[in-house]
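**Student:** Okay, here's the prediction I keep looking at, along with the sequence it came from:
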Amino acid sequence: MLQKPLPQEIVQLSPEETDARIATARRCLGEELIILGHHYQRDEIIKWADFRGDSLLLSQIAGKHPEAKYFIFCGVHFMAESADILTRPDQIVILPNMNAGCSMADMANIGQVERAWEQLGTITDTSRIVPITYVNSTAAIKAFVGRHGGASCTSSNARKVVQWALERGDKLFFLPDQHLGRNTCVALGLDPEKEMLLWDPTKPLGGNSPEDIRAKRVYLWKGHCSVHMRFTVEQIRQARQEYPNVNVIVHPECTLDVVQAADAYGSTEFIIKTIRAAPAGTVWAVGTEINLVKRLADEMPDKTIFCLDPIVCPCSTMYRIHPHYLLWAMESLVRGEVVNRVQVPPEIAKEARMALDRMLSIV
């Protein structure tokens, strides 16, 4: 579903006019509406969020609010899908801008994944492969994983989920982010050269030989986050040169060499908690999305916090959630009209929930 153009009357509003009308709609909708804001959203959106967090946390929060009739998810499409899966059928999840997708999630479509599974079946026993999908994936991919005995994971719990998978099968099929998969497996002691291969869905057998497929233990889907791919070891070197006492902290969607060159790495929540807990006066170079980095710098002026990438690195798809879209979605609800509902078909939702529930049961 493509996003239809906004009414010109809304597009022409000033920021002040937009805010005033959002506030009015917010009062009209009361407890029927909960606004969820992902950490990577711009401040103009975050200030309206009832809850802010990473994608799974926000979906879980939605599932714990039975009193709400509507959830406006200020994030991207796969996040709204997860919220729809974890809420009741009568609760409505709305994405303000349907063009807010995720380039990483789009790097693995269900047709490609099913073809890869069929090809793997001609070489090895797929009943002994445990598929794991990062939550940054479509509901259809989560359903595939659930159907084949696998689980979802987040950047926070990827290590536990991957460990769980390797204890239950001979091989691991990790998608769609190769870097989170590689970094997690390396942290568990696996050799990236000897035990892992990259699966390119555009090539027969993913660009691998039958011998490699039989020999390797981990199959990594060829996907990545365009934001986190921007960070480099050279940027880390320059940060250390400018600030000899700098602490470098990056997200595990970064490449292996960047993760290994950093002082610490972890999920968005880990990055936030680590910097918050640090003493005043400390210096932090952060390898993640710029809106979050700027917000941390504003909230903690007693520390020096900056983005590793000097050319700024916003998530372009997250940026599509403009206040005008939020206003349009809210005023539509005030009029009794639901726009941009994200609804996962029941048969897909059932299997996708299996993958999410398995993840949540792994402790």
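**Tutor:** Yep, that arrived.

**Student:** Show me where the stretch 51-200 of the chain has its strands.
**Tutor:** Counting by DSSP state E, counting those that start in this stretch, the stretch 51-200 of the chain has these strands, from start to end: 51-53, 70-74, 92-94, 129-134, 151-153, 171-175, 196-199.

**Student:** Let's have those strands in a markdown table, adding mean neighbour count and mean pLDDT.
**Tutor:** To be clear about C-beta, it is placed using only N, CA and C from the backbone, and glycine gets the same treatment. Output for those, formatted as a markdown table (neighbours: other C-beta atoms under 10 Å; pLDDT from 0 to 100):
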| stretch | mean neighbour count | mean pLDDT |
| --- | --- | --- |
| strand 51-53 | 17 | 91 |
| strand 70-74 | 26 | 96 |
| strand 92-94 | 23 | 97 |
| strand 129-134 | 26 | 97 |
| strand 151-153 | 28 | 95 |
| strand 171-175 | 26 | 98 |
| strand 196-199 | 20 | 98 |
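
**Student:** got TSV for these, with distance to Ile45 too?
**Tutor:** Below are those laid out as TSV (distance: least, C-beta to C-beta, whole Å):
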stretch	distance to Ile45
strand 51-53	10
strand 70-74	5
strand 92-94	14
strand 129-134	24
strand 151-153	25
strand 171-175	29
strand 196-199	36
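
**Student:** To Ser14, which of the ones you listed lies closest?
**Tutor:** The closest of the strands of the stretch 51-200 of the chain to Ser14 is strand 70-74. By C-beta to C-beta, the value is 20.5 Å.

**Student:** send the alpha carbons of that closest one over as CSV?
**Tutor:** Only the C-alpha atoms of strand 70-74 are listed here, as CSV (Å, rounded to 0.1, in the frame of the first residue of the first chain):
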residue,chain,number,x,y,z
TYR,A,70,-5.8,2.8,18.6
PHE,A,71,-2.0,2.7,18.4
ILE,A,72,-0.1,5.2,16.2
PHE,A,73,3.3,3.6,15.6
CYS,A,74,5.9,6.3,14.7
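
**Student:** can you give me the offset of that strand from its chain's centre?
**Tutor:** 16 Å (C-alpha atoms, centre = their mean, to the nearest Å).

**Student:** And stretch 81-93, by the same measure?
**Tutor:** 18 Å.

**Student:** and it, which residues are buried?
**Tutor:** 81-87, 91-93 (16 or more other C-beta atoms under 10 Å).

**Student:** end-to-end on it?
**Tutor:** End-to-end distance for stretch 81-93, by C-alpha to C-alpha, to the nearest Å: 8 Å.

**Student:** just the strands in the stretch 251-363 of the chain please.
**Tutor:** 264-265, 283-287, 304-307.

**Student:** Nearest approach to Ser59 belongs to which of these?
**Tutor:** Nearest of those to Ser59, taken as C-beta to C-beta: strand 264-265 at 23.6 Å.

**Student:** That closest one - what's its average pLDDT?
**Tutor:** When pLDDT is averaged along strand 264-265, the result is 98.

**Student:** who does it pair up with?
**Tutor:** Partners of strand 264-265 in the sheet, by DSSP bridges, are strand 247-250 (parallel).

**Student:** follow-up on the earlier one: of the strands of the stretch 251-363 of the chain, which stretch is the most buried?
**Tutor:** strand 283-287 (a mean of 25; mean count of other C-beta atoms under 10 Å).

**Student:** pLDDT (mean, whole number) over that one?
**Tutor:** Rounded mean pLDDT across strand 283-287 is 97.

**Student:** what do you get for stretch 272-279?
**Tutor:** 98.

**Student:** Repeat that for stretch 304-314.
**Tutor:** Rounded mean pLDDT across stretch 304-314 is 83.

**Student:** For it, which outside residues touch it?
**Tutor:** The contact list for stretch 304-314, computed with C-beta atoms under 8 Å, 6 or more residues apart in numbering, reads 40, 227, 230-231, 235-236, 239, 243, 248, 250, 275, 282-291, 293-294, 296-297.

**Student:** Now do the nearest residue to Leu326 once chain neighbours are set aside against Gln41, distance only.
**Tutor:** Once flanking residues are discounted, Leu326 sits nearest to Pro96: 5.0 Å by C-beta to C-beta, 6 or more residues apart in numbering. Counting by C-beta to C-beta, to the nearest Å, the gap from Pro96 to Gln41 is 10 Å.

**Student:** out of the strands of the stretch 51-200 of the chain, nearest to Ala261?
**Tutor:** strand 196-199 (19.7 Å).
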